[in-house]
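**Student:** following is a predicted model, sequence given first.
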Amino acid sequence: MSHKITFRERGQGPILILLHGYGGSIHHWDAVATQLESRYRVIVPNLTHLYLSSDKLFFTVQVEVLAKFIHDNFPQQRVHLAGLSYGGALSWALATQHPHLVDKLALINPMVTDPVKNFLLKELRFFFSIPLNLKSIYVMLSTPMGASFLRKAAHIFRDERSEGPISLDRLKGRKLQLVAHMIHHFAWILRSEDWQYWRKKLFHYRGECRFIFDDSDLLFNQDAYRSFAQHIGCEDLVILQGAGHLAIKTKPEVVAQHLLEFLQTTASYQKIAK
């Protein structure tokens, strides 16, 4: 448990922790946090070192590191928790494993259990299912097929509207090595975890939850999200339109509004967000 997590803090009030995705950044939450800080003490942990630690951490261990982070920094308090993508997976796992720590749970385009099987893109299923070593991944990314994979990944995990044109398919040298390392590390996490354990554990989760997903997300489709929400008993669904996977960057005002609404009410219903 030596993996120290730093964090940014703003505002005052009930504690709301926002978890970014794998390969993401605390800055992805900036616009959302700005909308929330007037009513909540918003905590945005930097999870980069947790996700990409030199000593690989099982998903289950990462959950325990986060639990310790909450225990140490916010003792004897229950927190609200919201997570995007892989951060969403850590959120549902933490709320399930340590329900005494989490008050309300918001999931935004979260990674579902058995993720590789549910990836929409066949290239993602390939890269994250075959146990390739780091050098093999780097070599494959250097090929036309690898460039095509990176272009498609950029459309899912990056926001051209706010981050500028994407050129992942033209990366070379150390930058391409970094991307290869991230893929290799993430593939190990996905392959090494017992997702059936989490499916069984989640079946008994009945905490207060809001599930936000985009109708045209390129990582998982609506069926995967709806099935997962039903499995965990989360009936409060908000369906975004045209936000993509990185909804907290493309439509931060919309996401913030739905978070505020959820945190201030106990009603459960299905919404279509435009």
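**Tutor:** Looks like it arrived, so ask away. Numbering: from 1, shown residues only.
**Student:** now the chain, which segments are flagged as low pLDDT?
**Tutor:** 1-2, 159-171, 266-274 (pLDDT under 70).
**Student:** so where do the helices sit in it?
**Tutor:** Remark: helices of the chain, listed N- to C-terminal, are 30-36, 48-51, 59-73, 86-97, 115-118, 122-129, 134-141, 144-157, 160-163, 173-192, 195-202, 222-231, 247-250, 252-263; assignment by DSSP state H.
**Student:** now L134: closest residue in space that isn't a chain neighbour?
**Tutor:** Excluding its sequence neighbours, the residue lying closest to L134 (CB to CB, 6 or more residues apart in numbering) is H184, at 4.7 Å. C-beta: built from backbone N, CA, C; applies to glycine.
**Student:** quick one: contacts for W188?
**Tutor:** Counting by CB atoms under 8 Å, 6 or more residues apart in numbering, W188 touches K56.
**Student:** any idea how far it is from I137?
**Tutor:** 11 Å (CB to CB, to the nearest Å).
**Student:** cool, V102 as well?
**Tutor:** From V102 over to I137 the distance is 35 Å, taken as CB to CB.
**Student:** could you do G11 as well?
**Tutor:** Relative to I137, and taking CB to CB, G11 is found at 41 Å.
**Student:** please say which of these two ends up with more neighbours.
**Tutor:** Using other CB atoms under 10 Å, the more surrounded residue of G11 and I137 is I137, with 22 against 17.
**Student:** report the contact partners of the more buried one.
**Tutor:** F127, A180, I183, H184, A187.
**Student:** highest neighbour count among these?
**Tutor:** Counting neighbours by other CB under 10 Å, the top entry in those is I183, with 24 neighbours.
**Student:** just give the nearest non-adjacent residue to that residue, would you?
**Tutor:** Nearest one to I183, counting by CB to CB, 6+ apart, is I137 at 5.6 Å.
**Student:** care to break this structure down by domain?
**Tutor:** As given by automatic domain parsing, the domain ranges for the chain are 7-116+194-272, 117-192.
**Student:** which of these sits most buried?
**Tutor:** domain 7-116+194-272 (a mean of 19; mean count of other CB atoms under 10 Å).
**Student:** how far is that domain from where the chain is centred?
**Tutor:** Relative to its chain's centre, domain 7-116+194-272 lies at 7 Å (CA atoms, centre = their mean, to the nearest Å).
**Student:** noted, bye for now.
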